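**Student:** could you look at this predicted model? Sequence included:
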Amino acid sequence: MDMFEKVDKLRERADVSYEEAKDALERSNQDILDAMILLEREGKTRKEGNGFFSTGGNTDSAAYDEKQARKERIKENGRTFGEKVKELFRKSTVNYLVIEHKGETLIKLPILAFILILLFAWYAAIIAVVVSLFCNCKYSFVGEDDLKAANDVCDKAGEIATQVRDKVVDEYNKL
């Protein structure tokens, strides 16, 4: 095998330039295996499974490596957008908004249904929420997830509605 064939074979396997392949072969006494090991130690070979194809003339391996690293971080740190939407949909069907009046459950509505009502009939939903709060209805969330923070907000809204209702009743009675 002549030098050109060795360079070509090494360049193909290691995914390096002709110049890098020729230099590695010269430093390893024209032994392809030793040249490959030398290139690996220098970090010039492609990692297994990181091969790519480009129709463009510029195959900037640093940019490609950065893109691959970014993809790996996305896979490690989070899920794809579609997976997040599926999980959000699932959570909105296993958790419920509960409306109670004097300890009796009036409505137990999946959060998804409540969100749809807010989207398509927001004006009626807001009026119903305000009126129900003034009528001593209590809102809470129940389900698989830890909904303590949401329930704390609901409790605070109920307290504020009670305070406002009491002030309105007091002012009305003064008249």
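**Tutor:** Received it, and whenever you're ready, just let me know what you need. Just so it is clear, the model here is predicted, and its values are computed rather than measured.
**Student:** please parse the chain into its domains.
**Tutor:** Domain ranges of the chain: 1-46, 94-174, per automatic domain parsing.
**Student:** in a helix, Val16, correct?
**Tutor:** No: assessed with DSSP: H, G, I helix; E, B strand; the rest coil, Val16 is coil; it does not lie in a helix.
**Student:** circling back: most packed of the domains of the chain?
**Tutor:** Of the domains of the chain, the one with the most neighbours on average (mean count of other Cβ atoms under 10 Å) is domain 1-46, at a mean of 16. Any C-beta I mention is one placed from the backbone N, CA and C, and that applies to glycine too.
**Student:** so how far is that domain from its chain's centroid?
**Tutor:** With Cα atoms, centre = their mean, to the nearest Å as the basis, domain 1-46 stands 42 Å off its chain's centre.
**Student:** what packs against the host helix or strand of Lys167?
**Tutor:** Secondary structure from DSSP states H and E places Lys167 in helix 148-174. Contacts defined by 3 or more Cβ pairs under 8 Å, 6 or more residues apart in numbering; DSSP states H and E place helix 148-174 against helix 122-134, strand 137-143.
**Student:** for Lys174, find the nearest of these.
**Tutor:** For Lys174, the closest of the helices and strands packed on helix 148-174 is helix 122-134, at 18.7 Å, according to Cβ to Cβ.
**Student:** what mean pLDDT would you report for that closest one?
**Tutor:** The average pLDDT for helix 122-134 rounds to 88.
**Student:** can you tell me what sits against it?
**Tutor:** Ile99, His101, Ile117, Leu118, Tyr139, Ala157, Gly158, Ala161, Val164, Arg165 (Cβ atoms under 8 Å, 6 or more residues apart in numbering).
**Student:** list the residues that contact the nearest residue to the fifth one once chain neighbours are set aside.
**Tutor:** Nearest residue to Tyr139 in three dimensions, chain neighbours excluded: Cys154, at 4.3 Å (Cβ to Cβ, 6 or more residues apart in numbering). Residues touching Cys154, when contacts are defined by Cβ under 8 Å, 6+ apart, comprise Lys138, Tyr139, Ser140, Phe141.
**Student:** switch the helices and strands packed on helix 148-174 over to JSON lines; also include distance to Thr93.
**Tutor:** Formatted as JSON lines, those follow (distance: least, Cβ to Cβ, whole Å):
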{"stretch": "helix 122-134", "distance to Thr93": "19"}
{"stretch": "strand 137-143", "distance to Thr93": "9"}
